[in-house]
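Asks: need a 3D model of the following:
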Amino acid sequence: MSDTPYDQHFVTWFREVTPYINAFRGKTFVLAFGGKAIASEFIKTLAYDANLLVSLGIRLVLVHGARPQIEEALREKGIESNYHRGYRVTDAESLTCVLDAVGSVFLKIEALLSQGLPNTPMANSRIRVIGGNFINGQPIGVLDGIDMQYAGKVRKVDAEGIIAQLGLGNIVLLNCEGPSLTGEIFNLQMEEVAEAVAVALKADKLVYLTDSTGVTDKKGELLDELTADEASRLLAGADWLTPDMRRYLPCTVRASRAGVGRVHLISYEQDGALLRELFTHDGVGTVVTRESLENMREAKADDIPALIALIEPMEQEGILVHRPRELLEQEIERFSIMLHDGIIVGCAALYQHSEEEAELACLAVNPDHREWGYGEQLMKRILRRARQAGIKRLFVLTTRTEHWFVERGFKLGTVDELPAAKKEMYNWQRRSKVLWRNV
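Replies: Model (predicted):
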């Protein structure tokens, strides 16, 4: 029976996510979501996806809130909700409602993560959910003359205890309550708990599920990538942001600046948003980083397996000349690489043939990333390296991309113009075009 288009699409997709699976194994992710996400229609599939992350070897901490559930509990008792600077003014009577609502939500999430029926994504799951007194709280005190009473902030995170549980393969589930050293319990902001936990654990990713697809500009267009500085500047006057975004984005900026690898803001109203954000190049929300997601550096020996995976398909197509692993190991210092979100998506090499002439070789970009201009960025990096080495002229041999290089300042040359050693090695069967440009 022949493969259907769907079968081939699945195989292609599965292969494409493999680099992410390899990159994420053993990493620590903190996933934070409020009470609105828990009440959404996709909370069950979110539990499936969290289970999948742990099954792939990701160390997962979940932090939940319960704001709408607390509001409902207060209404049932006829207690008015009061906020100041975004914090709930929490007296003793309100605290009772907070504890009841948070406890109920915690148990609901625990039950969702304990599913294991046949024919569901959690069949055969053996993942344990662990809660505990991993967070210490302290009172906010008096703000602008208002006694916040049992409204609190995070005092300390028991990172060592959480890490120990993650090391056993357990999901750690945390809520927005924080007992103090005096035995009192304080009502904490979920987003601040998630921030504090991610910073304390030096998490690789912090993911907030929000009431928006991500951070948007004034026109409502999604901003798929921001640095912490850009997000901070945007906050100064972004009155168009949703309530969740106005609360979560300051925590996002602080967490990013404090060393959390990536902070993602995605929608809880989109089924599968978590997986699409983590396992696809474009994602579906906004990612905030301390610096740009894209970076280039010189290659190291540890990069060789990923480098081979990048160039091997192009070697098989005849686009690139085959380079055995042994040769790559010898010449790895000649290569520059482009990374996106920590994954190698492009490379280029500089081979010097004389004091003034060098070759730009093995310029390759993953097909899924070519629209981002990575090839041109790599070319420019090789040009900079050539200038620093005192090179005056750069040449390239190509069978497929003559026009691309011509559009970037290269001019067609002849084989006779090549340096003597390169001319002797010229492959007349490939009949590569020779192009030159001044550095």
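
Asks: count residues in the vicinity of Gly103, would you?
Replies: Counted by other Cβ atoms under 10 Å, the residues lying close to Gly103 total 13. The way it works is simple: take the backbone N, C-alpha and C, and place the C-beta from them, glycine included.

Asks: that one and Phe29: what is the separation?
Replies: 25 Å (Cβ to Cβ, to the nearest Å).

Asks: Phe134 too?
Replies: Counting by Cβ to Cβ, the gap between Phe134 and Phe29 amounts to 16 Å.

Asks: neighbour-wise, which of the two wins?
Replies: Comparing Phe134 with Phe29 by neighbour count (other Cβ under 10 Å), the higher total belongs to Phe29, at 25 against 22.

Asks: which neighbouring elements make contact with the host helix or strand of the more buried one?
Replies: Using DSSP states H and E, Phe29 sits in strand 28-33. Under the contact criterion of 3 or more Cβ pairs under 8 Å, 6 or more residues apart in numbering; DSSP states H and E, the helices and strands touching strand 28-33 comprise helix 43-55, strand 59-64, helix 190-201, strand 205-210.

Asks: I'd like these laid out as JSON lines, including mean pLDDT, distance to Ala361 and mean neighbour count.
Replies: JSON lines is the format used below for the helices and strands packed on strand 28-33 (pLDDT from 0 to 100; distance: least, Cβ to Cβ, whole Å; neighbours: other Cβ atoms under 10 Å):
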{"stretch": "helix 43-55", "mean pLDDT": "91", "distance to Ala361": "39", "mean neighbour count": "19"}
{"stretch": "strand 59-64", "mean pLDDT": "97", "distance to Ala361": "40", "mean neighbour count": "25"}
{"stretch": "helix 190-201", "mean pLDDT": "96", "distance to Ala361": "42", "mean neighbour count": "26"}
{"stretch": "strand 205-210", "mean pLDDT": "97", "distance to Ala361": "35", "mean neighbour count": "28"}
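
Asks: count of neighbours near Arg431?
Replies: 10.

Asks: what's the closest residue to it other than its chain neighbours in contact with, if anything?
Replies: Of all residues not flanking Arg431 in the chain, Thr399 sits nearest, at 7.2 Å (Cβ to Cβ, 6 or more residues apart in numbering). Going by Cβ atoms under 8 Å, 6 or more residues apart in numbering, Thr399 touches Gly318, Ile319, Arg430, Arg431, Ser432, Lys433.

Asks: who wins for most neighbours among the residues you listed?
Replies: For the contacts of Thr399, neighbours were counted by other Cβ under 10 Å; the highest total belongs to Lys433, with 20 neighbours.

Asks: so that residue makes contact with His403?
Replies: No: Lys433 sits out of contact with His403 when judged by Cβ atoms under 8 Å, with a separation of 9.9 Å.

Asks: now the residue lying farthest from the centre of the chain. Nearest residue, chain neighbours left out?
Replies: Going by Cα atoms, centre = their mean, the residue of the chain most distant from its centre is Asp416, 48.6 Å out. Excluding the flanking residues, the one nearest Asp416 by Cβ to Cβ, 6+ apart is Lys423, at 7.2 Å.

Asks: ok so the one you found is a helix residue?
Replies: Yes: applying DSSP: H, G, I helix; E, B strand; the rest coil, one finds Lys423 inside a helix.

Asks: count the residues that sit near it.
Replies: Lys423 sits with 13 neighbouring residues when counted by other Cβ under 10 Å.

Asks: which stretches of the stretch 251-400 of the chain form strands?
Replies: If you assign secondary structure with DSSP state E, counting those that start in this stretch, the strands in the stretch 251-400 of the chain sit at 262-267, 286-289, 294-298, 335-340, 343-352, 357-365, 393-398.

Asks: compare the ones you listed and give me the one nearest Gly57.
Replies: Taking Cβ to Cβ as the criterion, Gly57 comes closest to strand 343-352 out of the strands of the stretch 251-400 of the chain, the separation being 16.6 Å.

Asks: which of the strands of the stretch 251-400 of the chain has the lowest average pLDDT?
Replies: Note on these: strand 294-298 shows the lowest mean pLDDT, a mean of 85.

Asks: neighbouring strands - and their directions - for that strand?
Replies: Sheet neighbours of strand 294-298, with direction, are listed as strand 335-340 (antiparallel) (DSSP bridges).
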